[in-house]
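K.L.:
Build me a model from this:
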Amino acid sequence: MTQATQVGVALIGSGRMGAFHGETVALRLPHARLAAVADPAPGAADRLAGALGADRAYTDVARVWADPAVDAVVIAAPARSHADLVAAAAAAGKGVFCEKPMAVTLADADRAIDAARAAGVVLQVGFNRRFAADWRAARALLDAGTVGTPRLLRSLTRDPGGFDPSRVLPDTIFLETLIHDFDTLRFLNPGAEPVEVFAAADALVEPGWRDRGLLDTAVVTVRFDNGATAVAEACFEAAYGYDVRGEVLGSGGMVTMGEGRRSGMAFSGAAGRLVETVRGDQELFRDAYTAELAAFVDAVRTGGPAPVTGEDARAALAIALAAAESVRAGRPVRIDEVQK
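P.N.:
Coordinates of the predicted model:
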């Protein structure tokens with residue numbers, strides 16, 4: 001494929017995140033075209049393909065693998081299907097962008113990585129914070145040595161609420177929410193790897209679902225091999241909106257990321273000082289979501305490396321699995337315990 005070639009992208013999964021990614025491919029990436037939408041739900045692919053001007057719609061995802069107009073796929077299907085879809089896409093010679101998590105077991109993560117490596121295709125995972133302006137600027141300071149050696153790190157995710165507990169699976173808070181924070185902590189502690197995890201979690205937003213394994217509030221401490229200690233926290237409900245922040249305290253200073261403000265406007269009146277806060281991930285990270293897919297398309301066009309790899313996804317997954325085991329066992333869990 002030459003750099004002048006437009007990449008034909010098939011979207012797999014037309015839900016909330018899939019629709020957003022499909023819109024990005026169709027409308028915001030000049031070097032890509034939305035060649036197909038695939039979703040087994042009756043009518044779902046047809047509706048989104050029609051709205052975005054995609055060439056084709058499939059209810060049988062397997063038809064994507066045989067479509068010569070498809071050079072790459074964006075996987076936004078349910079998390080438990082990701083590894084199988086990555087392996088199948090790679091075997092068909094398609095470049096792969098997969099939403100997090102890439103897999104929910106380390107064996108499946110290895111299978112996905114091996115499939116992409118064997119096929120020689122790009123495999124990129126959707127850790128969008130790496131592409132957000134605040135986080136990229138922080139990493140640049142870290143790489144330049146300005147922050148010095150990281151000592152204490154923090155990353156948090158607080159969702160705006162309104163979730164349906166009946167659709168939340170056990171360990172979701174670790175595998176699908178905090179996994180962003182685990183990747184962020186690795187990103188902000190370059191060259192270091194986690195060695196031990198201790199987690200505490202409970203059902204505080206939906207206490208009635210505790211006995212069914214739903215945990216909606218969690219704090220995780222991660223110890224790294226360079227001596228740094230990090231804290232990741234998440235809650236499925238924040239009354240004030242969608243809140244994502246990060247912080248690194250190093251030997252040379254501190255860098256912080258994320259405010260959650262919709263704009264720089266603040267109103268001061270009789271009730272005090274009021275600011276508008278962001279209400280969702282697609283609002284806060286719109287530019288980052290676009291940038292990560294642009295980077296993926298460029299990697300497919302040029303044959304260059306993916307900026308966020310399957311190995312990155314595996315490393316974050318190992319932290320997530322250790323955190324879930326820590327809650328069950330009530331003790332710290334070493335990363336090498338979950339690697340066995």
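K.L.:
show me what contacts the closest residue in space to residue 40 that isn't next to it in sequence?
P.N.:
Spatially, and ignoring its direct neighbours in sequence, residue 40 is nearest to residue 59 (5.5 Å; Cβ to Cβ, 6 or more residues apart in numbering). For the C-beta atoms, the positions are set from N, CA and C on the backbone; glycine is no exception. Neighbour list for residue 59: 38, 39, 40, 41, 42, 45 [criterion: Cβ atoms under 8 Å, 6 or more residues apart in numbering].
K.L.:
In JSON lines, list the residues you listed along with distance to residue 286 and pLDDT.
P.N.:
Shown next, in JSON lines, are these (distance: Cβ to Cβ, whole Å; pLDDT from 0 to 100):
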{"residue": "38", "distance to residue 286": "24", "pLDDT": "98"}
{"residue": "39", "distance to residue 286": "23", "pLDDT": "98"}
{"residue": "40", "distance to residue 286": "28", "pLDDT": "97"}
{"residue": "41", "distance to residue 286": "25", "pLDDT": "96"}
{"residue": "42", "distance to residue 286": "30", "pLDDT": "96"}
{"residue": "45", "distance to residue 286": "24", "pLDDT": "98"}
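K.L.:
Out of those, name the ones that lie in strands.
P.N.:
residue 38 (DSSP state E).
K.L.:
Scan the contacts of residue 59 and report the most crowded one.
P.N.:
residue 38 (31 neighbours; other Cβ atoms under 10 Å).
K.L.:
that older thread, spatially, which two of the contacts of residue 59 are the most separated?
P.N.:
38 and 42 (13.0 Å; Cβ to Cβ).
K.L.:
ok so, going back, identify, from the contacts of residue 59, the entry nearest to residue 190.
P.N.:
Closest to residue 190 out of the contacts of residue 59 is residue 38 (36.7 Å), distances taken as Cβ to Cβ.
K.L.:
how much space between the residue nearest to residue 40 and residue 240?
P.N.:
Applying Cβ to Cβ, to the nearest Å, the value for residue 59 to residue 240 is 40 Å.
K.L.:
Next: residue 137.
P.N.:
In this view, residue 137 and residue 240 are 25 Å apart by Cβ to Cβ.
K.L.:
again, but for residue 268
P.N.:
Distance from residue 268 to residue 240, by Cβ to Cβ: 18 Å.
K.L.:
Do you have the helices of this structure handy? List them.
P.N.:
Remark: helices assigned in the chain by DSSP state H are 16-27, 44-52, 62-65, 82-91, 106-119, 133-144, 172, 178-187, 281-284, 286-302, 310-329, 335-338.
K.L.:
Provide a list of residue ranges in the chain with pLDDT below threshold.
P.N.:
Scanning the chain with the threshold set as pLDDT under 70 gives 1-4.
K.L.:
So which residue of it lies furthest out from the middle?
P.N.:
Note on the chain: the largest C-alpha distance from the chain mean falls to residue 270, namely 40.8 Å (Cα atoms, centre = their mean).
K.L.:
Give me the phi and psi for that one.
P.N.:
phi -60, psi -30 (degrees, to the nearest 10).
K.L.:
Equivalent analysis for residue 60, please.
P.N.:
Per-residue torsions, residue 60: phi -100, psi 110 (degrees, to the nearest 10).
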